[in-house]
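Undergrad: Pasting the sequence and the predicted model now:
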Amino acid sequence: MAGLRYEAPNTVDAAIGLLSEVAGAKVLAGGTDLLVQIREEMIDPDLIVDIKRIDETRRIEITPDYVKIGAAMTGAELGENEELAAMWPGVIEAVELIGSWQVQGRATIGGNLCNASPAADSVPAIIASGAKIVVAGPQGVREIPAEEFPKAPGRTALEANEFVVSLVLPVPPKRSGDAYLRFIPRTEMDIAVVGAGVSVSLNEDGTCASARVALGAVAPTALLVKDAIDALLGSKLDDVTLEKLDKAARDACNPIDDKRGTIEYRTKVAGVLVRRTAAIAWERAQKQNG
Amino acid sequence: MLGRGHKNKMAKHSVTTTINGDETEFNCDTHNTLMDVLRSELHMTGTKNGCGTGDCGACTVIMNGRSVNSCLVLGVEVDGAEIETVEGMAQGGTLHPLQQKFLDHAALQCGICTPGIITQAKAFLEKNPDPTETELRFGLAGNLCRCTGYDKIIRAVLDAAAEMRANK
């Protein structure tokens, strides 16, 4: 049996070629999940394809029409990009919640998506932003709406020999804001009991023109919550709206019981957290006349 | 060493990197982490092996200016990188202020976590030279100590930070 191969191709096509060549080849970005899985013998690949030497995975492109984030950009790098943090503060605060400083130096936004943990911090915020996931494979390049990307714990919409190259976010219109909150029993270094991502755009009169609401850790995958969006549209986030939002979030929950929280507890926290997250997104939108 | 690597024929890589300012070459197999290479190949045992899964911070090194868990970096990945380890901190016989303050404040007992904490504190203070205690506690949240209870560590780092600012 041959040893574990490592390849670090420079192009998307070369990476697809390598992934197609060896069955069960694994993509390496930051390695904070992959290397742990290999160490703990959960997986046993014959080839690791490191995508960090592919230019498209390692840059942030901000244009008047869209924001493109390379899949292998780390949390620390994204947090230091002030222009990005001003446009999508909720996405950035979610990414920065992943792990310690040391993990932030390695863990990537694409890796957090592809690891497909139901409790992944960045995923609800990415879904709330309306991002599309740019995927390359033997059939070419396709874009997948972020909410359709996670399919089950540890499973994504990636087909054989595909990998995530980048994420494309819209440029938010005037009077827009987003936010992400997670609830954990500690203050740092823990896994979400509930995560909530909200993005809103307001009309000139302060009513909600568009909204997206996503929840994490309360179902097998992060969820886009349509009823919660409907509760917000046209509203000024008054008490009646907050009640509807709270109920919509609770109704969407399908959580597990575990040491971090019971089903009842996670469901209740989801309602509370989504209210708080919406309030922060609203406040940011009101300040954002840009 | 990750996974079943020891059972297999090795895929050898020749890697050139800079460690504490010195160009260094080593050979490694894909399964060898940077931590394995530092400790077993290069005999730089200041970097400690704690959990091996990125939870404890004992193996913290600075890679291209950012602190990382060296147990979560493959040796082959550091080709062309610049690595700083705890061995690079003292200048000749003079300890780095962080090292000296750990002694002055008795901020260690068994010492296994200490190199990782000192290395992380150095990386953290480079980004935030004048932190509040709360900021520092978040900055060191990825480093576990099972002996001291952290307060002495925090006092030592804050004191070192003050001295480093004064000496600038």
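TA: Nice, thanks for sending it over. Numbers count the residues shown, from 1 in each chain, chains lettered A, B, ... in the order given.

Undergrad: Low-confidence stretches in the chain?
TA: If you meant another chain, say so; for now it's chain A. Residue ranges of chain A with pLDDT under 70: A:1-2, A:289-290.

Undergrad: my bad, the chain I had in mind was chain B
TA: B:4-11.

Undergrad: residues from it in reach of chain A?
TA: B:2-5, B:8-11, B:13, B:29-31, B:33, B:52-54, B:57, B:60, B:63, B:66-69, B:71-74, B:76-77, B:120, B:123-124, B:138-139, B:141-143 (Cβ under 8 Å from any Cβ of the partner chain). Where C-beta positions appear, they are placed from N, C-alpha and C, glycine not excepted.

Undergrad: now do 6 Å
TA: Residues of chain B lying close to chain A (Cβ under 6 Å from any Cβ of the partner chain) are B:2-3, B:8-11, B:30-31, B:52-54, B:57, B:60, B:66-69, B:72, B:76, B:138-139, B:141-142.

Undergrad: What subset of the residues you listed is buried?
TA: With neighbours counted using 16 or more other Cβ atoms under 10 Å in any protein chain shown, the residues of chain B next to chain A contain these buried positions: B:2-3, B:8, B:10-11, B:30-31, B:52, B:54, B:57, B:60, B:66-69, B:72, B:76, B:138-139, B:141-142.

Undergrad: So which of the residues you listed sit within helices?
TA: Counted as lying in helices by DSSP state H, out of these, are B:138-139.

Undergrad: so where do the helices sit in chain B?
TA: B:34-36, B:97-104, B:114-127, B:133-139, B:151-166.

Undergrad: hmm, I was thinking of the stretch 151-290 of chain A
TA: A:226-232, A:239-252, A:263-287 (DSSP state H, counting those that start in this stretch).

Undergrad: Output those in JSON lines; the columns should cover mean neighbour count and distance to residue B:132.
TA: Below are these laid out as JSON lines (neighbours: other Cβ atoms under 10 Å in any protein chain shown; distance: least, Cβ to Cβ, whole Å):
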{"stretch": "helix A:226-232", "mean neighbour count": "20", "distance to residue B:132": "36"}
{"stretch": "helix A:239-252", "mean neighbour count": "18", "distance to residue B:132": "33"}
{"stretch": "helix A:263-287", "mean neighbour count": "20", "distance to residue B:132": "23"}
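
Undergrad: Grab the nearest non-local neighbour of the closest residue to chain A within chain B.
TA: Of all residues in chain B, the one sitting closest to chain A is residue B:142 (2.2 Å; Cβ to the nearest Cβ). Of all residues not flanking residue B:142 in the chain, residue A:100 sits nearest, at 2.2 Å (Cβ to Cβ, 6 or more residues apart in numbering or on different chains).

Undergrad: Look up phi and psi at the one you found.
TA: phi -80, psi 180 (degrees, to the nearest 10).

Undergrad: Now do it against residue A:81, distance only.
TA: 20 Å (Cβ to Cβ, to the nearest Å).

Undergrad: Could you check which of these two is surrounded by more residues?
TA: residue A:100 (26 against 16; other Cβ atoms under 10 Å in any protein chain shown).

Undergrad: Going by residue numbers, what spans are strands in chain B?
TA: Per DSSP state E, chain B carries strands over the ranges B:12-19, B:22-29, B:60-63, B:66-69, B:82-84.

Undergrad: Partner strands of the shortest one and their direction?
TA: Just to be clear, that refers to strand B:82-84. Sheet partners assigned to strand B:82-84 using DSSP bridges are listed as strand B:12-19 (parallel), strand B:60-63 (antiparallel).

Undergrad: Show residues contacting that strand.
TA: B:17-20, B:61-64 (Cβ atoms under 6 Å, 6 or more residues apart in numbering or on different chains).

Undergrad: Now do the contacts for residue A:37.
TA: Applying Cβ under 6 Å, 6+ apart, the residues contacting residue A:37 are residue A:43.

Undergrad: Give the helix, strand or coil label for it.
TA: helix (DSSP: H, G, I helix; E, B strand; the rest coil).

Undergrad: near chain B, which residues of the stretch 51-200 of chain A?
TA: Counting by Cβ under 6 Å from any Cβ, the stretch 51-200 of chain A sits next to chain B at A:76, A:100-103, A:105-106, A:188-189.

Undergrad: Using PyMOL, define a selection of the buried residues within those.
TA: Command for PyMOL, covering only those of those found buried under the criterion 16+ other Cβ under 10 Å:
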select buried, chain A and resi 76+100+101+102+103+105+106
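
Undergrad: Determine which two of the residues of the stretch 51-200 of chain A next to chain B are furthest apart.
TA: Taking Cβ to Cβ, the two most distant members of those are A:106 and A:188; they sit 17.5 Å apart.

Undergrad: If you tally nearby residues, what's the number for the closest residue to residue A:75 other than its chain neighbours?
TA: In this structure, residue A:75 finds its nearest non-sequential neighbour in residue A:104, 4.1 Å apart by Cβ to Cβ, 6+ apart. If you count neighbours by other Cβ under 10 Å, residue A:104 ends up with 24.

Undergrad: Show me the domain layout of chain B.
TA: B:5-88, B:97-166 (automatic domain parsing).

Undergrad: Make JSON lines out of the residues of the stretch 51-200 of chain A next to chain B and add distance to residue B:99.
TA: What follows is these, written out as JSON lines (distance: Cβ to Cβ, whole Å):
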{"residue": "A:76", "distance to residue B:99": "25"}
{"residue": "A:100", "distance to residue B:99": "22"}
{"residue": "A:101", "distance to residue B:99": "20"}
{"residue": "A:102", "distance to residue B:99": "19"}
{"residue": "A:103", "distance to residue B:99": "25"}
{"residue": "A:105", "distance to residue B:99": "22"}
{"residue": "A:106", "distance to residue B:99": "25"}
{"residue": "A:188", "distance to residue B:99": "26"}
{"residue": "A:189", "distance to residue B:99": "25"}
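
Undergrad: Sweet, I'm off.
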